[in-house]
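Undergrad: Task: produce atomic coordinates for the following.
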Amino acid sequence: MSQRLMAALIAGPLVLVLLVLAAFLPLDYVTYRPGQTVDVLAETDGSEIIQVDGHQAYRDDGELRMTTVLVSLPKDDAGDCGSGCRKNLFDLMAAWISPDDAVYPYDAVYDEDETQESNDREGAVSMVTSQDAAIAAALRELGVKFTSAVEVSFVEEGMPAEGKLLVGDVLLEVNGEKVTSAQQIQDAVKATKPGESVDLRIRRDRTELDVKIEPRTVKGQKMIGITPGNGFVFPFDVKVNIDPNIGGPSAGLMFALSIYDTLTPGSLTGGHVVAGSGEIDPAGKVGPIGGIQQKIAGARDDGAELFLVPADNCDEALGADPGDMRLVRATTMHEAREAIEDWVADPDADLPSCEDAA
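TA: Okay, here's the model as predicted:
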């Protein structure tokens, strides 16, 4: 037997072992893929996504689609990686070849101590705050006045607040004192003695309620199991009935435009399909988001004709394939609204563009 043949016989099984390892061994990279798009003006499970109580609502034609990205999950609390976590070599090669997918180093996407549980919680809180900011931005665009408040942004399962407080409850008083900051709630919880309760007065759906909650000590800290955050008291009720599994703040701009469209007569989109992405603050400023190229691809495949791009994402957006869809730069909600109206009036109108920003 020649040395060449012997080397081949030895190397063959080793190569096979390496290929098997590559197929199952998770690598420190994350994949981004186009996710679903959701028409925020539509219904879900038989009810409108944008729900209004106390103000006239106008239901018209056209679509305003929020966009999402399918991202590999972080590790779980035990530090393990399952099928949805970091990808193997074949997964990464498939994503690399796809013109609409992307591959990033794991550390560039997730913090060292970030887990699936912490990521889900952060996404849930961000979704709540983004909805409040969107309502505020839309009402500000309409000239409707409202006030700031502290509200419940998250309720932890299995903790004392579960069943007593709900996400969106406005925290009016704690132990008889007017609530002016989230820190005030945390301080009141820490100050309780064993067996004592925190007395809260809340507002839920225009009704004020009194709630008593006895804190629980977890890892040396007293907790009731909520995340208080900045919110608002509006003159009428607006809710965004979106799938709770869709987390994060990046749909803020599309929420705001959909709320504005629902509160005003006529179709903002002129019956067309408009998609986009962008975080929004209560003043209507549009902030950058992640996965813009995958969101553009998802909107293109779902038939959008116009896509709103946060100004800070314009450079990256120019590397995507929009097909026949037109990309429009969005710096504020007001600018985005006017761009849609100008485009509806004239599809060839001169609109804010990412090319100009670049």
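Undergrad: And for Ile296, the neighbour number?
TA: 30 (other Cβ atoms under 10 Å). Quick note: C-beta positions are derived from backbone N, CA and C, even for glycine.
Undergrad: Confirm for me that it is in contact with Gly323.
TA: No - between Ile296 and Gly323 there is no contact under Cβ atoms under 8 Å: 9.1 Å.
Undergrad: who's Val170 bridged to?
TA: Residues in a beta bridge with Val170, per DSSP bridges, are Glu151, Arg203.
Undergrad: List the contacts of it.
TA: Ala149, Val150, Glu151, Ile202, Arg203, Arg204, Gly231, Val233 (Cβ atoms under 8 Å, 6 or more residues apart in numbering).
Undergrad: and those, which are buried?
TA: Ala149, Val150, Glu151, Ile202, Arg203, Gly231 (16 or more other Cβ atoms under 10 Å).
Undergrad: Could you check how far the last one is from Ile246?
TA: Relative to Ile246, Gly231 is positioned 20 Å away (Cβ to Cβ, to the nearest Å).
Undergrad: Nearest spatial neighbour of Val273, chain-adjacent residues omitted?
TA: Residue nearest to Val273 in three dimensions, not counting chain neighbours: Glu63, with 4.5 Å by Cβ to Cβ, 6 or more residues apart in numbering.
Undergrad: Compute the number of surrounding residues for the closest residue to Val144 other than its chain neighbours.
TA: Distances taken as Cβ to Cβ, 6+ apart place Pro235 nearest to Val144, at 6.5 Å, with adjacent residues excluded. Per other Cβ under 10 Å, the neighbour tally for Pro235 reads 11.
Undergrad: what does Leu308 give?
TA: 28.
Undergrad: where does the closest residue to it other than its chain neighbours land on pLDDT?
TA: Among residues not flanking Leu308 along the chain, Gly276 sits closest, at 2.9 Å (Cβ to Cβ, 6+ apart). Predicted confidence (pLDDT) for Gly276: 97.
Undergrad: and Gly276, what are its bridge partners?
TA: So, taking DSSP bridges as the rule, Gly276 has Met66, Leu308 as bridge partners.
Undergrad: wouldn't the residue nearest to Val273 be in contact with Ile49 here?
TA: No - the pair Glu63 / Ile49 is not scored as a contact, 11.4 Å apart, by Cβ under 8 Å.
Undergrad: Which stretches in the protein count as helices?
TA: 3-24, 89-97, 106-109, 116-142, 182-190, 252-263, 292-301, 314-317, 333-345, 354-357 (DSSP state H).
Undergrad: buried residues in the fifth one?
TA: It stands for helix 182-190. Going by 16+ other Cβ under 10 Å, helix 182-190 has these buried residues: Ala182, Gln184, Ile185, Gln186, Ala188, Val189.
Undergrad: burial count for the closest residue to the third one other than its chain neighbours?
TA: Looking back up the chat, that one is Ile185. Spatially, and ignoring its direct neighbours in sequence, Ile185 is nearest to Pro228 (4.7 Å; Cβ to Cβ, 6+ apart). Residues near Pro228, counting by other Cβ under 10 Å, number 23.
Undergrad: Would you agree Thr44 is in contact with Asn241?
TA: Yes - the criterion here is Cβ under 8 Å, and Thr44 meets it with Asn241 at 6.3 Å.
Undergrad: chain center to stretch 227-240: distance?
TA: Averaging C-alpha positions (Cα atoms, centre = their mean, to the nearest Å) puts stretch 227-240 17 Å from its chain's average.
Undergrad: Quick one: mean pLDDT for that stretch?
TA: 90.
Undergrad: Kindly report the same for stretch 289-303.
TA: 96.
Undergrad: Show me the contact partners of it.
TA: 32-37, 65, 67-71, 100-102, 249-250, 273, 275-279, 307, 309-310, 313, 316-317, 319-323, 325, 327.
Undergrad: Just the buried residues from these, in ChimeraX please.
TA: Command for ChimeraX that selects the buried part of those, burial taken from 16+ other Cβ under 10 Å:
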select :32,33,34,35,37,65,67,68,69,71,100,101,102,249,250,273,275,276,277,278,279,307,309,310,313,316,317,320,322,325,327
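Undergrad: Now go through the contacts of stretch 289-303 and say which are in strands.
TA: 32-37, 65, 67-71, 102, 273, 275-276, 279, 307, 309-310, 327 (DSSP state E).
Undergrad: The chain - how does it break down into domains?
TA: Using automatic domain parsing, the domain ranges for the chain come out as 31-72+114-131+236-357, 147-230.
Undergrad: Now tabulate those in CSV and tack on distance to Ala138.
TA: Putting these into CSV (distance: least, Cβ to Cβ, whole Å) gives the following:
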stretch, distance to Ala138
domain 31-72+114-131+236-357, 4
domain 147-230, 16
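Undergrad: So which of the ones you listed is the most surrounded?
TA: Of the domains of the chain, the one with the most neighbours on average (mean count of other Cβ atoms under 10 Å) is domain 31-72+114-131+236-357, at a mean of 19.
Undergrad: these two touch, right, Arg337 and Tyr260?
TA: Yes - with contact taken as Cβ under 8 Å, Arg337 and Tyr260 are classed as touching, separated by 6.6 Å.
Undergrad: Determine which of the helices of the chain shows the lowest mean per-residue pLDDT.
TA: The weakest mean pLDDT among the helices of the chain belongs to helix 3-24, with a mean of 57.
Undergrad: what's near enough to touch Ser153?
TA: Contacts of Ser153 (Cβ under 8 Å, 6+ apart): Val125, Val128, Thr129, Val167, Ile226, Thr227, Pro228, Gly229, Gly231.
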